[in-house]
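> Predicted model and sequence below, questions to follow.
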Amino acid sequence: MKKLMLSLLLAPTLALAAPLTQVTLPDGTQIQLNDDHTWDYLVVKPAEVAPVAVKAGATASAPTAVVAAPVLTEQAKAHPELLSQATRDGIRIELVSVSDADPLTLEFKATNQGSKNAILVSGFVTLFAEDGRQLVREPARFWVAETRMPETYLRKGEARAARTIELPRPAGLQGKPLVRVEIDEVNFR
């Protein structure tokens, strides 16, 4: 009886820890189905770990490995618009423009399609080279409202210019980068 009770208590925890499903659609597009009934395009291949060869005559105290930076999938390189927008909890952040200067200036648009007023939208901006190599990944605050100043809130049904983000131009970048937008936190009032 105790084993049954323990397994019933752990069942919801085990279900949440299940791996996510990846699906290839009939047109070849690859998506990931999430356990919260949402889906995402597969745009980044996971980083690979490659062992490093030790030169002859050198002493190595421990084996070392190099972790390669993530790279874009072929569908992401063919359709960069998949990268330049993100949606979470009814908030959509979309890349509007990228300057070609140093520093790079990224302009975004924020849209609230939800039912609550947003006061904070943060996440990450990742820059990729044309060949799909990840160059840099930086935290970003796309929308920040002032407490007790409702005119600064991103109201439901509203679309406004979001914060402009400046990033130093990564070494080795030629032309404009491919930009991936990710949202990891949304706070509402």
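Received it, and whenever you're ready, just let me know what you need. A quick note: this is a predicted structure, and the numbers were derived from the prediction, not measured.
> can you map out the helices along this structure?
If you assign secondary structure with DSSP state H, the helices in the chain sit at 2-16, 74-78.
> weakest of those helices in terms of mean pLDDT?
For the helices of the chain, the stretch scoring lowest in mean pLDDT is helix 2-16; its value is a mean of 48.
> Is there a neighbour count for Phe142? I'd like the number.
25 (other C-beta atoms under 10 Å). Placement of C-beta: from N, CA and C, glycine included.
> what does the one 4 residues further on give?
The criterion is other C-beta under 10 Å. On that basis, Glu146 has 10 neighbouring residues.
> Low-confidence ranges, this structure, go.
1-19, 47-68 (pLDDT under 70).
> Swap in 50 and give it another go.
Residues of the chain that meet the criterion pLDDT under 50 lie in 4, 6, 10-19.
> hey, what's the nearest residue to Asn112 once chain neighbours are set aside bridged with?
Distances taken as C-beta to C-beta, 6 or more residues apart in numbering place Leu154 nearest to Asn112, at 4.8 Å, with adjacent residues excluded. Leu154 forms beta bridges with Ala118, as assigned by DSSP bridges.
> State whether Arg180 and Val44 are indeed in contact, as I suppose.
Yes - with contacts counted by C-beta atoms under 8 Å, Arg180 reaches Val44, the gap being 7.4 Å.
> And Leu106, how close does it get to Lys77?
When C-beta to C-beta, to the nearest Å is the yardstick, Leu106 and Lys77 sit 19 Å from each other.
> Which one of the two is surrounded by more residues?
Neighbours were tallied for Leu106 and for Lys77 using other C-beta under 10 Å; the higher tally belongs to Leu106 (25 against 17).
> Arg180 and Val44: who's more crowded?
Arg180 (25 against 18).
> Next up, the contacts around the more buried one.
If you count contacts by C-beta atoms under 8 Å, 6 or more residues apart in numbering, Arg180 has them with 43-44, 83-84, 124-128.
> which of those are buried?
For the contacts of Arg180, a neighbour count by 16 or more other C-beta atoms under 10 Å gives the buried set as 43-44, 83-84, 125-128.
> Go ahead and confirm Pro70 touches Leu42.
No - between Pro70 and Leu42 there is no contact under C-beta under 8 Å: 11.6 Å.
> The nearest residue to Leu167 once chain neighbours are set aside - how many residues pack around it?
Closest residue in space to Leu167, ignoring its immediate chain neighbours: Leu104 at 5.0 Å, by C-beta to C-beta, 6+ apart. As a burial measure, Leu104 scores 21 neighbours (other C-beta under 10 Å).
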